[in-house]
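K.L.:
sequence unknown, structure follows:
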C-alpha cells in the first residue's frame with residue numbers, strides 16, 4: 001500500500017479586484033501562500049513542489065501555522081483538489097474527513113444518521129447493520145442515539161460523526177484539524193481507533209495543532225510553511241515546530257535578543273522587573289524550568305521549549321538558583337543565579 005505526492009503545486013486564481021498589498025508576504029510571517037503572476041494574471045500558490053511518500057502503516061503528522069497549506073494538501077491527497085503541476089498516486093481508496101456534518105441530517109436520529117453515513121460510503125445495508133452495535137458502543141451516546149441530531153450538543157455530534165466516518169472509511173485516511181476536539185475521555189477513544197486502523201494496514205495523514213495528540217499517533221511528520229515543506233522526518237520535526245511556535249509568541253525585541261545569544265541569562269523586563277531567557281542547543285523533547293531553593297525540595301515550575309523567556313515573580317530573590325532540566329536524560333542542561341534587582 002502506498003500514497004505518493006510528486007512535486008505537487010496548486011495555484012488559486014485571484015480576482016481582478018484583489019488588493020495589491022497582497023502581492024508580498026513578510027519574511028517573518030508564516031501565514032498564507034506566495035502571490036505570483038503568470039501571463040498577466042495573479043495567483044496564490046497554496047502549495048509549491050510538495051512531495052511525500054507513505055507506505056504500509058505510516059501515520060503522518062501534518063503541522064504548520066494556519067494558512068500554511070495543510071488543508072489544501074489534505075484535499076489534494078483526497079482527490080478534491082487537482083494539482084496545477086505534479087501528481088498524486090495511491091493503490092487504494094482515500095477517505096477524507098474534513099466536515100463532520102457532511103451527510104448528517106439534523107431531523108434524523110443518531111441511528112438513522114449512522115445508516116446514512118454508511119450508505120454514502122457505499123456500504124450495503126447488511127454491512128451497516130452488522131457494524132451498528134460496535135459504532136453505537138464507541139460513541140458512548142446510549143439512549144441519545146434514538147433522539148434527533150438537533151438535540152445533540154456539539155461534542156455529542158462530533159462523537160457521532162467521528163464514529164460513523166471512521167467505521168466506514170477506506171484504507172487510506174486523511175483528517176483535518178477538528179480531530180483535536182472533544183473531551184479527554186473521547187480523545188483516548190480517538191487514539192485507540194487510530195491504532196485499530198494501523199492493524200488494518202491503513203495509511204493515516206492527520207493535521208492538528210495538538211502536538212501531544214500527534215506524538216501519540218504519528219511516526220512521521222511534515223512541516224508546511226507558506227505552501228512549502230520546511231522540514232520533514234520523524235518526531236524531531238514536532239520538536240522543531242514547538243520551539244518555533246514558542247519563539248514566535250515572544251515579543252519581537254526579545255525574540256531577536258534570544259536568537260542572537262545562547263545559553264541561559266537574566267534580561268530586563270521593564271522597570272525593575274527581570275526575566276529569565278534561554279536559547280539552548282539541545283534535542284531534548286521534555287525540558288523543565290526548576291527552582292533550586294537553599295532549603296527544601298527542588299520544585300518544577302513549568303515545561304518549556306529550547307527557546308523562551310519567563311518573567312521572574314516577586315518571590316525570586318537575589319541568589320536563588322534556576323535550572324533547566326532534561327527530563328528524559330535526567331540531567332541539568334543550564335542554570336543561573338538571580339542577580340540583585
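P.N.:
Arrived safely, thanks for sending. From a predicted model like this one, the values you see are computed outputs, not experimental measurements. Residues are numbered from 1 along each chain as shown.

K.L.:
which non-adjacent residue is nearest residue 268?
P.N.:
Excluding the flanking residues, the one nearest residue 268 by C-beta to C-beta, 6 or more residues apart in numbering is residue 274, at 6.2 Å. Yep, even glycine has a C-beta here, placed from its N, CA and C like the rest.

K.L.:
in a helix, that's where residue 71 is, yeah?
P.N.:
Yes: assessed with DSSP: H, G, I helix; E, B strand; the rest coil, residue 71 lies in a helix.

K.L.:
Next up, the contacts around the residue nearest to it when sequence neighbours are not counted.
P.N.:
Spatial nearest neighbour of residue 71, excluding adjacent residues (C-beta to C-beta, 6+ apart): residue 176 at 5.8 Å. Neighbour list for residue 176: 70, 71, 74, 96, 97, 98, 207 [criterion: C-beta atoms under 8 Å, 6 or more residues apart in numbering].

K.L.:
same question, residue 189
P.N.:
Going by C-beta under 8 Å, 6+ apart, the list of residues near residue 189 reads 138, 140.

K.L.:
isn't there a helix covering it?
P.N.:
Yes: going by three-state DSSP, the assignment for residue 189 places it inside a helix.

K.L.:
For it, give its distance to residue 136.
P.N.:
In this view, residue 189 and residue 136 are 13 Å apart by C-beta to C-beta, to the nearest Å.

K.L.:
what pairs with the nearest residue to residue 97 once chain neighbours are set aside across the strands?
P.N.:
In space, and not counting its chain neighbours, residue 97 is closest to residue 175: 4.5 Å by C-beta to C-beta, 6+ apart. Legend: beta-bridge partners of residue 175 under DSSP bridges are residue 97, residue 206.

K.L.:
residues in contact with residue 175?
P.N.:
Residue 175 makes contact with 74, 96, 97, 98, 204, 205, 206, 207, according to C-beta under 8 Å, 6+ apart.

K.L.:
ditto for residue 139
P.N.:
Residues in contact with residue 139 (C-beta under 8 Å, 6+ apart) are 110, 145, 159, 160, 163.

K.L.:
Check those residues against residue 316 and report the nearest one.
P.N.:
Comparing these against residue 316 with C-beta to C-beta places residue 159 closest, at 45.1 Å.

K.L.:
same for the helix or strand where the closest one lies, what does it pack against?
P.N.:
Per DSSP states H and E, residue 159 falls inside helix 154-167. Using 3 or more C-beta pairs under 8 Å, 6 or more residues apart in numbering; DSSP states H and E, the elements in contact with helix 154-167 are strand 94-97, helix 110-120, helix 125-139, helix 184-199.

K.L.:
how's the chain carved up into domains?
P.N.:
For the chain, automatic domain parsing gives the domain ranges 2-244, 251-337.

K.L.:
ok, and which of the ones you listed has the densest surroundings?
P.N.:
domain 2-244 (a mean of 17; mean count of other C-beta atoms under 10 Å).

K.L.:
what about it, how long is it end to end?
P.N.:
31 Å (C-alpha to C-alpha, to the nearest Å).

K.L.:
One more: stretch 86-103?
P.N.:
With C-alpha to C-alpha, one end of stretch 86-103 sits 31 Å from the other.

K.L.:
Out of the contacts of residue 175, give me the two with the largest separation.
P.N.:
Maximum pairwise distance among the contacts of residue 175 (C-beta to C-beta): 14.6 Å, between 98 and 204.

K.L.:
Pipe the helices and strands packed on helix 154-167 into JSON lines and attach mean pLDDT per row.
P.N.:
Compiled in JSON lines, the helices and strands packed on helix 154-167 are given as follows (pLDDT from 0 to 100):
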{"stretch": "strand 94-97", "mean pLDDT": "79"}
{"stretch": "helix 110-120", "mean pLDDT": "92"}
{"stretch": "helix 125-139", "mean pLDDT": "93"}
{"stretch": "helix 184-199", "mean pLDDT": "73"}
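
K.L.:
can the ones you listed go into TSV with extra columns for distance to residue 43?
P.N.:
Below are these laid out as TSV (distance: least, C-beta to C-beta, whole Å):
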stretch	distance to residue 43
strand 94-97	24
helix 110-120	34
helix 125-139	43
helix 184-199	36
